[in-house]
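1. Please work out how this folds:
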Amino acid sequence: MSTNVPQVADKVVWKHGFPHPDWQALRALIDPSLSAPEYHWVNCQMEAQWLLLLRDHLGGDYRVHEGAQTFLLTDLPAVEARKTLAFVEQTLAKLTDALEDNADQGTSGMHIVIVISEDDDYYSYISTFSLKVTSA
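-> Sure, this is the predicted structure:
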């Protein structure tokens, strides 16, 4: 495909030591005249770029595995990673069937599963998404 793919590294914000893409800014760079399959492809390419950045940051044995609808970032051994990816793909298929026309038809990109084995890394990464709770 000859479609231009925005460079995720140009629109990354580092929070708590981890790369977090500015998806809104990145999607604004996508050619609005693209067909749905082209738009999906561009989003998948950007997601892969992000996961490779995250993989490099995590180091160790982290790898990105790709299924039909899912990217899996994990340091699980290859056999366990394949089983995990197969489980996720099967679950997505069942959910899509159950939801019928209400299911996302996959134009925005892949489903992302991230398995972070180190507690410190996991909590640092998710802290960006945590809501601050205050008592009344």
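
2. How about the secondary structure of the spatially most central residue of the chain?
-> By Cα atoms, centre = their mean, the chain has its centre lying nearest to Ile112, at 3.7 Å. Applying DSSP: H, G, I helix; E, B strand; the rest coil to Ile112 yields a three-state assignment of strand.

3. Please report the distance of it from Glu100.
-> 23 Å (Cβ to Cβ, to the nearest Å). Every residue, glycine included, has its C-beta placed from N, CA and C.

4. With His111 instead?
-> 18 Å.

5. When those two are compared, which one has more neighbours?
-> Neighbours were tallied for His111 and for Glu100 using other Cβ atoms under 10 Å; the higher tally belongs to His111 (17 against 7).

6. What residues does that one make contact with?
-> With contacts defined as Cβ atoms under 8 Å, 6 or more residues apart in numbering, His111 is in contact with Gln69, Thr70, Phe71, Val88, Leu92.

7. For the residue nearest to the centre of the chain, name its beta-bridge partners.
-> Phe71 (DSSP bridges).

8. doesn't Gly67 make contact with it?
-> No. With contact defined as Cβ atoms under 8 Å, Ile112 and Gly67 do not form a contacting pair (11.2 Å).

9. you'd agree Ser127 is up against Phe18?
-> No. Ser127 lies out of contact with Phe18 (Cβ under 8 Å); the separation is 9.2 Å.

10. between the two, which one's more packed in?
-> The neighbour count for Ser127 versus Phe18, taken as other Cβ under 10 Å, is higher for Phe18 (19 against 11).

11. Against Asp101, how distant is the more buried one?
-> Relative to Asp101, Phe18 is positioned 36 Å away (Cβ to Cβ).

12. which stretches of the protein form helices?
-> 23-28, 36-58, 78-99, 119-126 (DSSP state H).

13. Low-confidence ranges, the protein, go.
-> Within the chain, the ranges that satisfy pLDDT under 70 run 1-2, 103-107, 130-136.

14. Quick check: end-to-end length of stretch 10-18?
-> 15 Å (Cα to Cα, to the nearest Å).

15. Need the residues that contact it.
-> Applying Cβ under 8 Å, 6+ apart, the external contacts of stretch 10-18 come out as 19-22, 25-26, 50, 53-54, 57, 124-125, 127-128.

16. Done for today, thanks.
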